[in-house]
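Enquirer: Quick one, fold the following:
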Amino acid sequence: MEAKELRIGNLFRFISTNFIEYVSDIKTNGLKTPVINNVSIKDTEPIPLTKEWLIKFGFEEALNGWWSPCEEYSYREGNFYLGANIFLAKIDYVHQLQNLYFALTNEELKIK
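Expert: Numbers count the residues shown, from 1 in each chain. Next comes the predicted model:
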């Protein structure tokens, strides 16, 4: 995970404790190793996007994958689509889904 992939409000995990937290501060200027919430980015990791996370974000399971709360987007086999067939991006981690969803809808993807 790189600091440039993150924005305020993204979820990440501390490696040593498995504790999950929202990004509230990112420091990169002049630093060899970026700092997220006063912790070196080396001590953090992305959260894999799992069925449990999709459910938390309000996605609903269907025969052909998962549908977003607004029912305009779908997710299956690691790929995010407009509707059912227009490929938008490969998504492996929670923060990637948060960022793409925000870029597409101008709304934060919230835990339900």
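Enquirer: Tell me how many other residues crowd the spatially closest residue to I8 that is not a sequence neighbour.
Expert: The shortest distance from I8 to any non-neighbouring residue, by Cβ to Cβ, 6 or more residues apart in numbering, is to V23 (5.6 Å). (C-beta placed from N, C-alpha, C; glycine too.) V23 is flanked by 18 other residues according to other Cβ atoms under 10 Å.
Enquirer: do the one 4 residues further on as well
Expert: The tally of other residues near K27 (other Cβ under 10 Å) stands at 14.
Enquirer: measure it to E52 for me?
Expert: 31 Å (Cβ to Cβ, to the nearest Å).
Enquirer: any idea how far the closest residue to Y93 other than its chain neighbours lies from S68?
Expert: Excluding its sequence neighbours, the residue lying closest to Y93 (Cβ to Cβ, 6+ apart) is P46, at 3.8 Å. Distance from P46 to S68, counting by Cβ to Cβ: 20 Å.
Enquirer: Could you check which of those two is surrounded by more residues?
Expert: More neighbours surround S68 than the other of P46 and S68, with 21 against 18 (other Cβ under 10 Å).
Enquirer: Enumerate every residue touching that one.
Expert: By Cβ atoms under 8 Å, 6 or more residues apart in numbering, S68 lies in contact with 58-59, 74-75, 101.
Enquirer: If we use 6 Å, what do you get?
Expert: F59 (Cβ atoms under 6 Å, 6 or more residues apart in numbering).
Enquirer: residues in contact with the residue most central in space within the chain?
Expert: The centre of the chain sits closest to H95, judged by Cα atoms, centre = their mean, with a distance of 2.0 Å. By Cβ under 6 Å, 6+ apart, H95 lies in contact with 10, 46.
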